[in-house]
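In: Using only what follows, build the 3D model:
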Amino acid sequence: MKRSINQLFSLLFVAAIAMIVSACGDDDPQIAAPIVSGPAEVSVTENETTTVTFNITVAGGFSSANVEATGGTATITAQPAVADVSGSITVDYAAGDDGAGALTLTVTDAAGNTGSTTVVMEIGDIPDTFQVTDLTETRSVGGNDVEFKQTRISGIINRDYTFTNDVAWVLSGRVIVGAGATLTIEPGTIVKGQGEQGAAASVLLVARGADIIANGTANDPIVFTSVLDNINVGEFTSTLDINNDLGLWGGVLILGNAPIVAEASEVQIEGIPTSVTEGIYGGSDPMDNSGSFTYCSIRYTGQQLGPGNELQGLTLGGVGNGTVISHVESINSADDGIEIFGGTVNISNFIVLNPDDDGFDADQGWTGTASNLVYIGAAVDAGFGSDHPFELDGPEGDTGGTAAIGTFTNATAWGRSATDFADLRDGATYTISDSYFFGFAAGVDLELDADGTTDPNDATKKLSDNPLISDNYAGDDVTFTGLEFSGVDRDGATSFTDITKILNDKLDGSLTNPDRTAQVDNNEDVKFPANNSIVSTKTKGADVSVLGWSYTAELGLLANF
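Out: You can find the predicted model right below:
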């Protein structure tokens, strides 16, 4: 009996010890969950990226962090090391459109415990740096009062914006599409430029890093014209005089990041003051994309900014071959129809009508291809005259690169008042192929200026035009192939009968032997006639069947093609 009692006491003692141990275990402190703190609210502008900092305390040791976002996207850019018990976490938040958003950060410790907090992201509008004013104007047109619904715009477009086709958009001064913004112009839209503003002439300038999406259609082209033109919404026919009106506003400029060959890799576009930094073009990306510009009719441009300083209908500066330029016409420019400053952009289905200077002008090492082109010089009895269908210049300065060859192909040029078939300047490196020239004045020629040494006493003259050391044509830097010239001049007389008389590749026709002898023998008498011809029926040139959408076609000027 005594033994049994002893055993019972032993069991009770063991049980008591177990209970004491268990009780001690229950009193161990719990490890706290991670504590995460951050600002209650952060303001950010739409499409802007801002950094949000969170402070954390992790008693159980930091393991990982995760972020979730609404109204934008978020990325953790810095966090503590694993096992750290405190620190900070930074998050970059890229806001979307204006409105409300949120940012939730969750932290996990080594034991799997979590803690989180949420920050309200207040997303505001980007402050506009351009001004828009709606206005309605009544004009007398043909003896009738006509209401014109317009929207005037000025300044720098700094966010995505759309020109709709239910009003005419009036460019007040220099309207710039800034870097990062996209301007969309709906099919059938009319854009008008104000005039008489000198150095601040009305232009539409698409800066580097910006995009223009101006895609008309064959049925609904986009029209760029002057405020003096009484064309109204939904119309295509201008009311201005095709034989006298020109230079009434600036023009359209598109700038990009593609390579140029100039005095520097980045330069200021002509016609825009150097104080306007959006006028810089050029870069290192040959595939740069400035958008798409199709089925657009540009009219009555080239306003004079100062003596000898005019704008073109369309100016392309350092534009890359990711950009689409097709089905465009430039009409009645007081300077060139189009000028291409370097870059790699290709253009196609392009018409130049009635330029006061040249039709297609290229320089600064442009290396693209221009195809299916139409040039029509101003009428002989117009209030102004045209110069050359093509004026092609060489590189400017030295940026350490060698310009490749730009190409013009499948062109038709109707001379009328034009003074030459083409003018290729010093350093020109181009190919002109499979093209047709007709309706020029008797006696005109194709000028190719050899690269002699400039006379230090007279910068307008060369000391030598020796083709053995300077002639781009002799060295195949310039190539003419498959060119056809009508034997009939603009007055109906058969004036062009000798193909050797077409090419004049002397800068100064008065130069004598020995320079001229080799040049004539190698180029005018042998090389040029072997690749080009005078014809009575053309087999080369542009396909005008795809250009029926144009104002040029509406005027009946493609019927002779």
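
In: Only the buried residues of stretch 150-164, if you could.
Out: For stretch 150-164, the neighbour count (16 or more other C-beta atoms under 10 Å) marks 150, 152-161, 163 as buried. Where you see a C-beta, it was placed from the backbone N, CA and C, and this is true even at glycine.

In: swap in stretch 77-89?
Out: In stretch 77-89, counting by 16+ other C-beta under 10 Å, buried: 79-80, 89.

In: Could you do stretch 532-540 as well?
Out: For stretch 532-540, burial by neighbour count (16+ other C-beta under 10 Å) applies to 532, 534-535, 540.

In: Can you list which of these are found in strands?
Out: With DSSP state E as the criterion, strands contain 534-535 from among those.

In: any idea which of the buried residues of stretch 532-540 is the one closest to residue 44?
Out: residue 540 (59.2 Å; C-beta to C-beta).

In: Just the buried positions in stretch 376-396, please.
Out: By neighbour count on 16+ other C-beta under 10 Å, the buried set for stretch 376-396 is 376-379, 382, 384-396.

In: what's the first-to-last distance across it?
Out: Start and end residues of stretch 376-396 are separated by 29 Å (C-alpha to C-alpha, to the nearest Å).

In: Quick one: mean pLDDT for it?
Out: What stretch 376-396 shows for mean pLDDT is 92.

In: Which stretches in the stretch 101-250 of the chain count as strands?
Out: Per DSSP state E, counting those that start in this stretch, the stretch 101-250 of the chain carries strands over the ranges 114-124, 129-141, 144-157, 161-163, 168-177, 182-185, 190-193, 203-206, 211-215, 222-226.

In: Rebuild these as JSON lines, extending it with distance to residue 406 and mean pLDDT.
Out: Formatted as JSON lines, these follow (distance: least, C-beta to C-beta, whole Å; pLDDT from 0 to 100):
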{"stretch": "strand 114-124", "distance to residue 406": "46", "mean pLDDT": "96"}
{"stretch": "strand 129-141", "distance to residue 406": "35", "mean pLDDT": "94"}
{"stretch": "strand 144-157", "distance to residue 406": "31", "mean pLDDT": "96"}
{"stretch": "strand 161-163", "distance to residue 406": "31", "mean pLDDT": "98"}
{"stretch": "strand 168-177", "distance to residue 406": "26", "mean pLDDT": "97"}
{"stretch": "strand 182-185", "distance to residue 406": "27", "mean pLDDT": "99"}
{"stretch": "strand 190-193", "distance to residue 406": "29", "mean pLDDT": "98"}
{"stretch": "strand 203-206", "distance to residue 406": "21", "mean pLDDT": "98"}
{"stretch": "strand 211-215", "distance to residue 406": "23", "mean pLDDT": "99"}
{"stretch": "strand 222-226", "distance to residue 406": "25", "mean pLDDT": "99"}
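
In: I'd like the ones you listed as CSV, with distance to residue 300 appended.
Out: What follows is the strands of the stretch 101-250 of the chain, written out as CSV (distance: least, C-beta to C-beta, whole Å):
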stretch, distance to residue 300
strand 114-124, 41
strand 129-141, 17
strand 144-157, 17
strand 161-163, 19
strand 168-177, 13
strand 182-185, 18
strand 190-193, 9
strand 203-206, 13
strand 211-215, 18
strand 222-226, 5
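
In: quick one: which of the ones you listed is nearest residue 34?
Out: With C-beta to C-beta as the measure, strand 114-124 is the member of the strands of the stretch 101-250 of the chain nearest residue 34 (3.5 Å).

In: what residues are up against residue 202?
Out: Residue 202 makes contacts with 171-175, 193-195, 249-250, 303, as judged by C-beta atoms under 8 Å, 6 or more residues apart in numbering.

In: Closest to residue 266 out of those residues?
Out: residue 174 (19.7 Å).

In: Wait, that closest one touches residue 205, no?
Out: Yes - at 6.5 Å, residue 174 and residue 205 qualify as touching, with contact defined as C-beta atoms under 8 Å.

In: Pick out whichever of the two has more residues nearby.
Out: Set side by side, residue 174 and residue 205 give different neighbour counts by other C-beta atoms under 10 Å, the larger being at residue 205 (27 against 23).

In: picking up where we left off before, so for residue 174 and residue 205, which residues contact both of them?
Out: residue 272.

In: Can you name the next helix or strand after the helix or strand bottoming out on mean pLDDT in the chain?
Out: Within the chain, no helix or strand scores below helix 467-470, which has a mean of 44 by mean pLDDT, DSSP states H and E. Once helix 467-470 ends, the next helix or strand along the chain (criterion: DSSP states H and E) is strand 479-481.

In: And the contacts of that following strand?
Out: 405, 430-434, 446, 473, 503, 528, 531-532.

In: Now do that strand: distance to the chain's middle.
Out: 29 Å (C-alpha atoms, centre = their mean, to the nearest Å).

In: try stretch 55-69
Out: With C-alpha atoms, centre = their mean as the basis, stretch 55-69 stands 46 Å off its chain's centre.

In: separation between residue 31 and residue 418?
Out: Using C-beta to C-beta, to the nearest Å, we find residue 31 at a distance of 89 Å from residue 418.

In: between these two, which one's more packed in?
Out: A side-by-side neighbour count of residue 31 and residue 418, using other C-beta under 10 Å, places residue 418 first with 27 against 13.

In: Just the pLDDT for that one.
Out: 97.

In: Can you tell me the SS state at it?
Out: Classification of residue 418 using DSSP: H, G, I helix; E, B strand; the rest coil returns coil.

In: buried ones in the helix or strand hosting residue 362?
Out: Residue 362 belongs to strand 360-363 when assigned by DSSP H and E. For strand 360-363, a neighbour-count test (16+ other C-beta under 10 Å) marks 360-363 as buried.

In: what's the closest of these to residue 411?
Out: Scanning the buried residues of strand 360-363 for proximity to residue 411, where the rule is C-beta to C-beta, the winner is residue 360, at 8.0 Å.

In: With adjacent residues omitted, what lies nearest to that closest one?
Out: Counting by C-beta to C-beta, 6 or more residues apart in numbering, residue 360 lies nearest to residue 390, which is 5.2 Å off, once chain neighbours are set aside.

In: one step back: direction included, what does the strand holding residue 362 pair against?
Out: When pairing is defined by DSSP bridges, strand 360-363 lines up against strand 338-341 (parallel), strand 390-392 (parallel).

In: what does the shortest one rub up against?
Out: The reference is to strand 390-392. For strand 390-392, contacts defined as C-beta under 8 Å, 6+ apart pick out 336, 357-363, 375, 406, 408, 413, 421-425, 428, 430, 432.

In: and if we set it to 7 Å?
Out: By C-beta atoms under 7 Å, 6 or more residues apart in numbering, the residues outside strand 390-392 that reach it are 358-362, 408, 422-425, 428, 430, 432.

In: Could you do the longest one as well?
Out: In this structure, residues lying in contact with strand 338-341 by C-beta under 7 Å, 6+ apart are 260, 269, 281, 312-318, 330, 350, 352, 360-364, 366.

In: go again using 6 Å as the cut-off
Out: Applying C-beta atoms under 6 Å, 6 or more residues apart in numbering, the contact partners of strand 338-341 are 312, 314-317, 330, 360-362, 364, 366.

In: OK, contacts around residue 70?
Out: Residue 70 is in contact with 101-102, counting by C-beta under 6 Å, 6+ apart.
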